[in-house]
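# all I have is the shape, not the residue letters:
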């Protein structure tokens, strides 16, 4: 498994990152441990989780993904061989069970509470990569793709957040830092504040990227991150399973899009997203590939993707996802992908 350096940090990680969003909801602790064992066998050393996982987040399960990872780290003694990333949840008044809901934000007190609680669940003393799950300020995220000034809200200044993270770095509780679900302006502002005020510099951005959601490149975030040396961690490369083709064959196939309410993940159920998924599935099969192989090989091959975050609910799925790393897409196939994209542009963004 190839490795890559994350931004200007000291971290070197596998090009595939194991995601944990299903652990505690669709996967048991034993399932999580089996996935970790297999991922390590295949050369993966990078694990991503979050304080609010599993998702959809519920009061009864929140934090379970970190706990399952923590119990595996303790059981196996592999902590020093792994790069552990987790995330602090941003403000969201509807999720009241994570650090008080409406009061949750990226000020010093909240970040300290989030870090220390994650450390306890993970049963470790240091988080290698600590990320802000979504912005403090008004930004369209999670399927909302239009910026609306009327939704402005009070937010924590970026320099204050960076200062708070800097204190946690000095204490050895966290190492590198990253952002998630961010915009061009956000990346530039984080870099500007770090340079102007001598504050920690972000190393990564964890944003949505897949065949049906290529906004990272069409918005020129790829150029911004290239010039500022910020590494992309691409999440949802299979669009919650829509790009695997299973829902095309059976709309009620077992998976996230059938298990949970449509209101939780509407961008992956839009008619245009389904239509795009059908086009990509047909293209994959015409070239002797599964839709999953096409979607993942696409992400794995993009020059601006440092690591692709994959998740699975079974070892068979995990094996298939990792195996796709060896597939090299011919230029003609890439051109056909771009033709579909030009016709149905970013429906899942």
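Nice, thanks for sending it over. Predicted, not measured: the structure shown is a model, and the values here were computed from it.
# quick one: the strands in the stretch 151-300 of the chain?
For the stretch 151-300 of the chain, strands defined by DSSP state E, counting those that start in this stretch occupy the ranges 174-180, 204-208, 231-235.
# list the buried ones in the longest one?
The reference is to strand 174-180. 174-180 (16 or more other C-beta atoms under 10 Å). Backbone N, C-alpha and C define where each C-beta goes, glycine included.
# got any ranges where this structure has weak pLDDT?
102 (pLDDT under 70).
# before we move on, back to that, now the strands of the stretch 151-300 of the chain in TSV, with distance to residue 257?
TSV is the format used below for the strands of the stretch 151-300 of the chain (distance: least, C-beta to C-beta, whole Å):
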stretch	distance to residue 257
strand 174-180	22
strand 204-208	16
strand 231-235	16
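# closest one to residue 147 among these?
Nearest to residue 147, of all the strands of the stretch 151-300 of the chain, is strand 204-208, at 15.7 Å by C-beta to C-beta.
# ok so, going back, nearest to residue 238, of the buried residues of strand 174-180?
When the buried residues of strand 174-180 are ranked by distance to residue 238 (C-beta to C-beta), residue 180 comes first, at 18.1 Å.
# show me what contacts that closest one?
By C-beta atoms under 8 Å, 6 or more residues apart in numbering, the contact set of residue 180 is 87, 131-134, 205-207, 235.
# likewise residue 167?
Counted by C-beta under 8 Å, 6+ apart, residue 167 has contacts residue 108.
# how close does it sit to residue 193?
15 Å (C-beta to C-beta, to the nearest Å).
# please apply the same query to residue 325.
For residue 325 relative to residue 193 (C-beta to C-beta), the value is 36 Å.
# over to residue 296?
Per C-beta to C-beta, residue 296 is found 35 Å from residue 193.
# of the two, who's got more company?
A count of neighbours by other C-beta atoms under 10 Å puts residue 296 above the other of residue 296 and residue 193, at 28 against 21.
# and that one, how far is that from residue 302?
11 Å.
# swap in residue 107?
Look at residue 107 and residue 302: by C-beta to C-beta, they are 35 Å apart.
# how about the helices in this structure?
Secondary structure of the chain (DSSP state H): helices at 29-41, 64-76, 108-122, 158-170, 184-197, 215-218, 221-228, 246-249, 256-259, 271-286, 291-301, 315-323, 331-343.
# turn those into a markdown table, including distance to residue 144.
Shown next, in a markdown table, are those (distance: least, C-beta to C-beta, whole Å):
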| stretch | distance to residue 144 |
| --- | --- |
| helix 29-41 | 31 |
| helix 64-76 | 24 |
| helix 108-122 | 23 |
| helix 158-170 | 21 |
| helix 184-197 | 15 |
| helix 215-218 | 12 |
| helix 221-228 | 17 |
| helix 246-249 | 23 |
| helix 256-259 | 19 |
| helix 271-286 | 15 |
| helix 291-301 | 23 |
| helix 315-323 | 28 |
| helix 331-343 | 21 |
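# quickly compare those helices and say which is most buried.
Among the helices of the chain, helix 291-301 has the highest mean neighbour count (mean count of other C-beta atoms under 10 Å), at a mean of 23.
# now the angle from it to helix 331-343?
Interaxial angle of helix 291-301 relative to helix 331-343 (axes from the mean of the first three to the mean of the last three C-alpha atoms, to 10 degrees): 100 degrees.
# identify the residue spatially nearest to residue 54, adjacent ones excluded.
Distances taken as C-beta to C-beta, 6 or more residues apart in numbering place residue 25 nearest to residue 54, at 3.7 Å, with adjacent residues excluded.
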